[in-house]
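>>> how would this look folded up:
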Amino acid sequence: MNKYIQKIKMLRNNNNLSQEYIAKIIGVSRPTYTAIEAGKQELSLEEAKKLATLFNISVDELLSGDIPNIEKYKQMILTFLRMNISKDGKIPKTKLAKLLYLSDFAWFYNSFESMSGMQYRKITYGPVPDTFFRAIDELEFDGKINIDHKSENGKECFLISESDSNKNEKITTISKEENNLMKEIAEKWKDKKTQEIVNFTHNQLPFTLCRENELIPYELITQEDPDMVY
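You can find the predicted model right below:
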């Protein structure tokens, strides 16, 4: 069965859309679309483009089949904010994004599964999933994190910390083994500057082998030297 089938079903159900509606959007009959979801018929590239537009994601993200778990991703953010990475509990936004990336790819290195299911993209300050910015905005809107703005060497810096009112929230989606890996990553990078972790991730194979703005395949991390995984 094609990897993207479960993702299409999830996106359709999450948006409360019928098979008939999707069929109309991509220009096929209801039976044809039913056959696509059943894995009995291939999705054409043109149909994939229409679906990607509908769900506001890229074709690569759609066809990858990976199903992102944004609630777990948010709890990964909160977990790092609780790990005393800095004395004041504040983590630079860019450094936090890199810690999350290392966790996802290191977990894949060991288990062939992403921790959060997020798709990371190679951008200037990447690798980072498009969802990172949405997750940060939603956590701030919900009052779970605080974002402080400061200027450093002429550049604006965003410092993220967990709000006092949220510190009793239980972390329910992260396993003990996942938490232990995140602790190891936090311990290694807690005293390092943001630029150091940026340089490290940019020198890893997954980042160097991809083109600008391309989604980074998790499988590339399995070719990395063990000392360079995180």
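
>>> Could you tell me which ranges of the protein sit under the pLDDT cut-off?
Where the chain drops to pLDDT under 70, the residues are 1, 65, 152.

>>> Which parts of it are helices?
For the chain, the helices defined by DSSP state H cover 5-14, 19-26, 30-37, 45-55, 59-64, 70-81, 93-111, 131-141, 176-189, 194-202, 205-208.

>>> Of those helices, which is nearest residue 170?
Among those, helix 70-81 comes nearest to residue 170, with 9.3 Å by C-beta to C-beta. To be clear about C-beta, it is placed using only N, CA and C from the backbone, and glycine gets the same treatment.

>>> Go through that closest one and flag the buried ones.
Judged by neighbour count using 16 or more other C-beta atoms under 10 Å, the buried positions of helix 70-81 are 72-81.

>>> Make JSON lines out of those and add distance to residue 200.
Shown next, in JSON lines, are the buried residues of helix 70-81 (distance: C-beta to C-beta, whole Å):
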{"residue": "72", "distance to residue 200": "24"}
{"residue": "73", "distance to residue 200": "21"}
{"residue": "74", "distance to residue 200": "24"}
{"residue": "75", "distance to residue 200": "24"}
{"residue": "76", "distance to residue 200": "19"}
{"residue": "77", "distance to residue 200": "20"}
{"residue": "78", "distance to residue 200": "23"}
{"residue": "79", "distance to residue 200": "20"}
{"residue": "80", "distance to residue 200": "16"}
{"residue": "81", "distance to residue 200": "21"}
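
>>> what about the helices of the chain, which gets the closest to residue 122?
Among the helices of the chain, the nearest to residue 122 by C-beta to C-beta is helix 205-208 (5.9 Å).
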